[in-house]
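**Student:** Structure for the following, please:
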Amino acid sequence: MAQDGSDVTVETLLGEPVLRGRLLGGKAGLRRRVSWCLPLSEIAPTPVGQAPDEEDLAGIAVYAAAAEVAAAGDPKTLLTSLARRGAAVLFARTQGGADVDLGPVMRAADSARLPLVRLAPEADYHVIGRLVAVKAIAGTAHVLEYSVRVHRTLGEVFASGAGLPALAQAMSTLSGATVLILDQDGEPLARAERDRGATDQQWRELARVLHGQQDGRPAEGRHHPTAQDAVVVAPWGGRVHVVSTPVSVAGDAYGSVAVIESALPPDPHDLAQHRVIVEQGAPLVASEILRQRSVTEAEERSRDDFLDTLVHGRFSDAHALQARSRHHRFDCGARHAVFVAALPPLGPARAQQVQRAVMAARGVAGKGFTIAGYVGQLLVLVREVAAGDAGAGAQLAAPAEKGELRRLGRAVFRVLSERTGTDVQVAHGRAADGAAGVAASFREARIALELSRRVQVPEVCGYDELRVFAAIEEAAAGAQAQAFAAEVLGPLRRADGQTGNLEQVVLAYIAESGNLNAAARRLQLHRNTMLYKLERASRALQMDVRSAETQFTVWLAHRIQTLNDSLQVLRSELTPPA
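**Tutor:** Purely as a prediction, here's the structure:
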């Protein structure tokens, strides 16, 4: 196989008997490609004062009489112009008995890095032109034959429906090297490894390098229409040669295919085969990615619908619950906890990536049912947890179960923070049994998340950690509790006027355990201003805010009002479990 697919190089031509041992100069350009031959008389010269039109003679072998080249006014200008225009080689034919001084031409060839070959008198234009044409056509035919064989082999694997790993393995077998298939973000989709003990993390690092072409540079003399060559620094040390090509459909990028060769410098024949393999494999990889994507999208729509129905407890009957639970492998008898997080605005593709990352997180994935999806604007995750001992009628998880929920919450928070680049609030409900338990845990998680917007809580907060709100939830919904909160907080709010929020002043005073100076610092007020506002609050309440009983009264009324405000926001969304 030709060194660069269908390409013939000057070095290859010099192996032919009629040209063997006839190189006079320009040895640095032996890797130039040759695709056709033209006489110098048919090549239009570059106008005086105009820069050469680069690459308009790419792959052209220039044929001329030695006397014609030697008689050029300035051989250096001629050869430099030919080299810049992409000419591959200059053939100079001598005439029988003629003694032509090619010394200046040889020096010009070395300076321009353009090979200069002296032809024997019998090597006329027809002989050389026929030789170049035959070599180019033979190389093209050989490449086409190999391409058909590779396409047939990979096509059989694709038709079998074995997926991307099988396609990667087939390409690795054909190339004798490692093959990586990456998605549009540089994440590995499949890998077929050959004689390399690198870790999964090292392969992921190499995939990111290939995706961004960091620490890589194009290999000299390697040009191809679609396949790209590069030498990159491997994460395990040393350098590797990579032949890659993009995977795209209708102009949309879907990823790339790369063949990785650890031997440097790689064998030219092997590289030519690698280019054919990635070019023939890329369309099949694109088709397989499209097929898998359509299947994945259908599965995700089904899963999201199941998740939405599950957390809202909206199954039509027990038979529908059992049937869909079997399909999604949800254990109706197991204990589950629900985690929710409010995310910043994300595009559809980015949102799906975050969802999959949460499900694949090391702290979340593993044994047990896990499902994640979007319910409204929230990311919701349902996770099966080990059964714990419930308290007597209190439905409080055992310490081990509570620790497990905290660990899972931290894992979800880490993944979301890394993927979104911002700190997010994660809330979770208590673990409970069965499908009804999932709906109850989701309701608790939503209440905890809504409360986190009104009170100060950690970045990962559980419903059972908001013990006061959990304890008064049922009572807070009653008419007496609502009237109590309105009667206590109403006078403070009506008395605000132009002097500031008296309710917040009293709450800050209570939070600082009655320390006047600390409360003033918290609100960034002068001590006398703080004292004046507390006196106004006492007059509005008709109670002394310095007394412990008054402080407890205001604190409880505020908690009842905050919980009712949160439940009011959620009332249209949540359906209490039966």
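**Student:** going forward, measure contacts between C-alpha atoms and count neighbours the same way
**Tutor:** OK.
**Student:** Which parts of the stretch 451-578 of the chain are strands?
**Tutor:** For the stretch 451-578 of the chain, the strands defined by DSSP state E, counting those that start in this stretch cover 460-462.
**Student:** which stretches of it have low pLDDT?
**Tutor:** Residues of the stretch 451-578 of the chain meeting the criterion pLDDT under 70: 467-478, 496-500, 567, 569-578.
**Student:** how much space between the closest residue to H274 other than its chain neighbours and L164?
**Tutor:** Counting by Cα to Cα, 6 or more residues apart in numbering, H274 lies nearest to S175, which is 6.0 Å off, once chain neighbours are set aside. Computed as Cα to Cα, to the nearest Å, the S175 to L164 distance reads 16 Å.
**Student:** before we move on, the earlier item: per-residue confidence for the residue nearest to H274?
**Tutor:** According to the prediction, S175 has pLDDT 87.
**Student:** Now for it: which residues touch it?
**Tutor:** 259, 270, 273-274, 277 (Cα atoms under 8 Å, 6 or more residues apart in numbering).
**Student:** tell me what the lengthiest helix in the chain is packed against?
**Tutor:** As assigned by DSSP state H, the longest helix anywhere in the chain is helix 268-312. Using 3 or more Cα pairs under 8 Å, 6 or more residues apart in numbering; DSSP states H and E, the elements in contact with helix 268-312 are helix 125-159, helix 164-175, strand 239-249, strand 252-261, strand 370-375, helix 434-452.
**Student:** now the angle from the second one to helix 125-159?
**Tutor:** An angle of 150 degrees separates the directions of helix 164-175 and helix 125-159 when computed by axes from the mean of the first three to the mean of the last three Cα atoms, to 10 degrees.
**Student:** quick one on the thing from earlier: could you dump the helices and strands packed on helix 268-312 to TSV with distance to L405?
**Tutor:** Formatted as TSV, the helices and strands packed on helix 268-312 follow (distance: least, Cα to Cα, whole Å):
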stretch	distance to L405
helix 125-159	43
helix 164-175	35
strand 239-249	41
strand 252-261	37
strand 370-375	13
helix 434-452	12
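**Student:** For R546, which of those is the nearest?
**Tutor:** Proximity of the helices and strands packed on helix 268-312 to R546 was assessed by Cα to Cα; the nearest stretch is helix 434-452, lying at 27.3 Å.
**Student:** elements contacting that closest one?
**Tutor:** Counting contacts by 3+ Cα pairs under 8 Å, 6+ apart, helix 434-452 is packed against helix 268-312, strand 335-342, strand 425-428, strand 432-433, strand 460-462, helix 548-570.
**Student:** cutoff 10 Å now
**Tutor:** In terms of contacts (3 or more Cα pairs under 10 Å, 6 or more residues apart in numbering; DSSP states H and E), helix 434-452 is packed against helix 268-312, strand 335-342, strand 378-385, strand 425-428, strand 432-433, strand 460-462, helix 467-476, helix 548-570.
**Student:** Pick the most deeply packed of the ones you listed.
**Tutor:** The highest average neighbour count among the helices and strands packed on helix 434-452, using mean count of other Cα atoms under 10 Å, belongs to strand 425-428 at a mean of 27.
**Student:** distance between that one and the chain's centre?
**Tutor:** A distance of 25 Å separates the C-alpha centroid of strand 425-428 from that of its chain, computed with Cα atoms, centre = their mean, to the nearest Å.
**Student:** Low-confidence ranges, the stretch 51-200 of the chain, go.
**Tutor:** Short version for the stretch 51-200 of the chain, where the test is pLDDT under 70: 51-55, 96-99, 195-196.
**Student:** switch the cut-off to 80
**Tutor:** Judged by pLDDT under 80, the stretch 51-200 of the chain has its weakly predicted residues at 51-56, 72-73, 96-100, 139-144, 194-198.
**Student:** got it, and the stretch 251-400 of the chain?
**Tutor:** Low-confidence segments of the stretch 251-400 of the chain, defined by pLDDT under 80: 251, 263-269, 296, 316, 346-368, 376-377, 386-398.
**Student:** rerun that using 50 as the cut-off
**Tutor:** The model of the stretch 251-400 of the chain has pLDDT under 50 over residues 389-396.
**Student:** Doesn't V232 lie inside a strand?
**Tutor:** Yes - according to DSSP: H, G, I helix; E, B strand; the rest coil, the state of V232 is that of a strand.
**Student:** Could you measure from it over to G139?
**Tutor:** Counting by Cα to Cα - V232 and G139 are separated by 29 Å.
**Student:** what's the distance between stretch 14-21 and the middle of its chain?
**Tutor:** On Cα atoms, centre = their mean, the centre of stretch 14-21 falls 51 Å from the chain's centre.
**Student:** Between the two ends of it, how far is it?
**Tutor:** Terminal residues of stretch 14-21 lie 7 Å apart, using Cα to Cα.
**Student:** Contacts for it next, please.
**Tutor:** 11, 13, 22-23, 30, 91, 117-120, 122-123, 127-128, 131 (Cα atoms under 10 Å, 6 or more residues apart in numbering).
**Student:** quick one: buried residues of that stretch?
**Tutor:** With burial defined by 16 or more other Cα atoms under 10 Å, the residues of stretch 14-21 counted as buried are 14, 18-19.
**Student:** for it, what is the average pLDDT?
**Tutor:** Stretch 14-21 comes out with an average pLDDT of 87.
**Student:** Find the nearest non-adjacent residue to F442, please.
**Tutor:** Counting by Cα to Cα, 6+ apart, F442 lies nearest to V338, which is 5.3 Å off, once chain neighbours are set aside.
**Student:** dump the residue contacts of A133.
**Tutor:** By Cα under 10 Å, 6+ apart, the residues touching A133 are 8, 34-37, 139.
**Student:** do G347 as well
**Tutor:** So G347 contacts Q353 (Cα under 10 Å, 6+ apart).
**Student:** I'd like the distance between it and T420.
**Tutor:** 11 Å.
**Student:** Over to H319?
**Tutor:** 39 Å.
**Student:** of these two, who's got more company?
**Tutor:** Neighbours per residue (other Cα atoms under 10 Å) separate H319 from T420, with T420 holding more: 16 against 10.
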